[in-house]
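**Student:** build me a model:
(one chain, ligands or ions: 1)
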Amino acid sequence: SFAIALVLLSLQATHGFVSSPRVSRPLTKVAAEEGSGDSFADAALQVSAVAGDLQGQIVVVKYGGNAMTSPELKAGFCQDVAALQKIGIKVVVVHGGGPQISKMLETVGVETRFEGGFRVSSTEVVDVAEMVLCGSVNKEISSTICSAGGRAIGISGRDDSLLKCTKQINEDGFDLGFVGQVETVNTKLLEQLLDAGICPVVSPIGTGIGEEKDIAYNVNADVAAGRIAGELGASRVLFLTDIAGVLNKDMELFPTLSVDDIKGLIADETITGGMIPKVSYATSAVQLGVGGAFITDGRVPHALIKQVLGGDMIGSGGTFVTL
Ligand code: X2W
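**Tutor:** Next up, the predicted model:
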């Protein structure tokens with residue numbers, strides 16, 4: 001198909017035919033034991049084997065604000081979503097936009113700060129976050145997927161009560177304001193859109209429950225993506241971020257980590273700072289039944305399609321987290 005041809009052309013252009021060592025990441029399936037020497041045919045066989053396995057499966061992608069830095073990266077990401085959709089993979093995009101919210105808060109003169117990876121969110125802050133995420137960021141992503149030939153609809157966690165939240169209470173009792181803890185996910189809405197061939201593009205603004213049903217909550221996009229993937233029983237969740245993956249103290253990448261490995265690495269302080277929340281959403285998604293979670297560098301052009309269809313076949317990096 002056109003989509004496979006597109007992938008192959010990009011693989012050809014950037015990597016030639018790379019017969020890197022086979023590793024056991026589930027997305028990597030090598031069709032031909034030995035290459036025939038025809039690089040296009042070999043790559044086509046490899047990609048079609050992976051694409052066949054993934055048809056009809058759900059892949060949730062968290063697209064972080066730091067991975068949206070250039071128009072080229074954004075266009076490449078949206079092209080990838082459209083291409084995966086054409087192959088028959090059900091893609092859900094959950095986007096962030098932290099830097100974009102911070103910029104707007106600065107413009108309008110509202111102070112902002114983070115506590116433990118979460119933005120302290122007054123009513124004013126949530127208003128701006130909703131305006132930025134559900135307005136410009138969300139619509140730009142859904143419309144660019146459409147102009148790349150895909151079908152996408154932008155929604156927020158307040159639409160059809162997609163993300164019902166309660167106020168998140170920090171362990172140390174610190175008041176974060178209107179930061180939402182996701183209580184329920186309206187998976188039916190997402191499944192209906194996916195079954196209709198539409199990619200839901202989700203802004204992480206949630207809705208309150210009961211008497212609080214008209215309150216908007218600011219939800220961390222990693223939290224929203226991990227939870228949506230878990231509730232949907234996705235085969236994969238990908239976190240496109242601004243680092244290569246989980247690194248050790250010598251800045252070398254861990255290609256795979258189990259949930260137990262991660263506990264140990266946090267205990268011995270190999271994993272620190274902003275990586276801790278990220279790995280915790282990845283591990284909780286896996287514990288909720290997601291086949292695997294990738295934490296990968298969204299600043300790499302076409303990171304999404306390379307990771308989903310290429311895996312280690314093309315050495316696209318990232319850390320794969322599994323049970
Ligand atoms: C985030 C929502 C956006 C987000 C915020 O206000 O920045 C909380 O921290 P990135 O680009 O993925 O960081 N919400 C509660 O998560 O964006």
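
**Student:** next up, the contacts around Ser235.
**Tutor:** By C-beta atoms under 8 Å, 6 or more residues apart in numbering, the residues touching Ser235 are 54, 57-59, 290-292. Where C-beta positions appear, they are placed from N, C-alpha and C, glycine not excepted.

**Student:** widest-spaced pair of those residues?
**Tutor:** Within these, Leu54 and Val290 form the most distant pair, 14.0 Å apart (C-beta to C-beta).

**Student:** turn the contacts of Ser235 into TSV, columns for neighbour count.
**Tutor:** Shown next, in TSV, are the contacts of Ser235 (neighbours: other C-beta atoms under 10 Å):
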residue	neighbour count
Leu54	21
Gln57	16
Ile58	22
Val59	26
Val290	27
Gly291	19
Gly292	20
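
**Student:** can you put those residues in TSV and add pLDDT and secondary structure?
**Tutor:** Listed next are those as TSV, based on pLDDT from 0 to 100; DSSP: H, G, I helix; E, B strand; the rest coil:
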residue	pLDDT	secondary structure
Leu54	91	helix
Gln57	96	coil
Ile58	97	strand
Val59	97	strand
Val290	96	coil
Gly291	92	coil
Gly292	92	coil
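
**Student:** ok, the residue of the stretch 51-200 of the chain found nearest the ligand - contacts?
**Tutor:** At 2.1 Å from the ligand, Gly96 is the closest residue in the stretch 51-200 of the chain, using C-beta to the nearest ligand atom. When contacts are counted by C-beta under 8 Å, 6+ apart, Gly96 is found next to 62-66, 204, 221-222.

**Student:** filter those down to the ones in helices?
**Tutor:** The members of those that map onto helices under DSSP state H are 221-222.

**Student:** and the contacts of Gly96, which are buried?
**Tutor:** 62-66, 204, 221-222 (16 or more other C-beta atoms under 10 Å).

**Student:** need the max-distance pair from these.
**Tutor:** Farthest pair in these (C-beta to C-beta) is Asn66 and Pro204. Separation: 14.8 Å.

**Student:** test my guess that Cys165 contacts Pro204.
**Tutor:** No: the pair Cys165 and Pro204 does not pass the contact test of C-beta atoms under 8 Å, sitting 10.0 Å apart.

**Student:** now for the two: what residues contact both?
**Tutor:** Joint contacts of Cys165 and Pro204 (C-beta under 8 Å, 6+ apart) are 157, 219.

**Student:** per-residue pLDDT, the residue nearest the centre of the chain?
**Tutor:** Note on the chain: the residue nearest the mean C-alpha position is Lys62, at 1.9 Å, using C-alpha atoms, centre = their mean. At Lys62, the predicted lDDT confidence score is 97.

**Student:** cool, Gln12 as well?
**Tutor:** Looking at Gln12, the pLDDT reads 40.

**Student:** can you check Lys306 too?
**Tutor:** So, for Lys306, pLDDT stands at 88.

**Student:** give me the phi and psi for it.
**Tutor:** phi -70, psi -40 (degrees, to the nearest 10).

**Student:** pretty sure it contacts Phe294?
**Tutor:** No: look at Lys306 against Phe294 with C-beta under 8 Å: they stay out of range, at 10.8 Å.

**Student:** who's more crowded, these two?
**Tutor:** Shown here are Lys306 and Phe294; by other C-beta atoms under 10 Å, Phe294 has more neighbours (27 against 24).
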